[in-house]
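> Sequence first, then the predicted structure, then my questions.
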Amino acid sequence: MVTTPYYKGRSKEYKVMSILREDGWFCSRSAMSHSPVDIFAGKNGKTRLIQVKGGRARIRRNERDELCKWAKAFGAEAEIWYLKKGEGIVKEKIGALPS
C-alpha cells in the first residue's frame, strides 16, 4: 500500500471522525480543500472546526488565525487535534464561541 503524506493525513482524519461519531457528532471531512479546517462536526446545535495534525507537525500562526476566523464565521469552536504515537490524542481548543 502506498503511504504518502496525503494517505497518512487522511487516515488520521478518519480516526478523529470515528471518535467523534462514537460520541454522537455528525461530521464531514474537508477533503483536499487546502483550507484550515479538516473536519466539520455538529451536535445538539454546537459546531466544532477541527484541524488534525500528526507526529511532530505543528500549525503555523497564520493557519491558527485563519482557523479562528472560520470558527467565528460559523459560530463554532476551533480545535487542533494532535495524534501522536504512544501519547494518544492531545486536543487543543484555540477559539471559543463568540459571545
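All right, it came through fine.

> helix or strand right after the longest helix seen in the chain?
Longest among the helix segments of the chain by residue count, using DSSP state H, is helix 5-22. Downstream of helix 5-22, the next assigned helix or strand under DSSP states H and E is strand 26-29.

> partners of that next one in the sheet?
Using DSSP bridges, strand 26-29 pairs in its sheet with strand 39-43 (antiparallel).

> Show me what the partner strand is in contact with.
Defining contact as Cβ atoms under 8 Å, 6 or more residues apart in numbering, one finds that strand 39-43 is touched by 13, 16-17, 20, 23-30, 47-50, 52. Yep, even glycine has a C-beta here, placed from its N, CA and C like the rest.

> Tally up the residues packed near residue 59, please.
Residue neighbour count, defined by other Cβ atoms under 10 Å, stands at 17 for residue 59.

> picking that back up, for the longest helix of the chain, what does the pLDDT average out to?
Averaging pLDDT along helix 5-22 gives 90.

> can you give me how far that helix is from the chain middle?
Taking Cα atoms, centre = their mean, to the nearest Å, the mean C-alpha location of helix 5-22 is offset from the chain mean by 9 Å.
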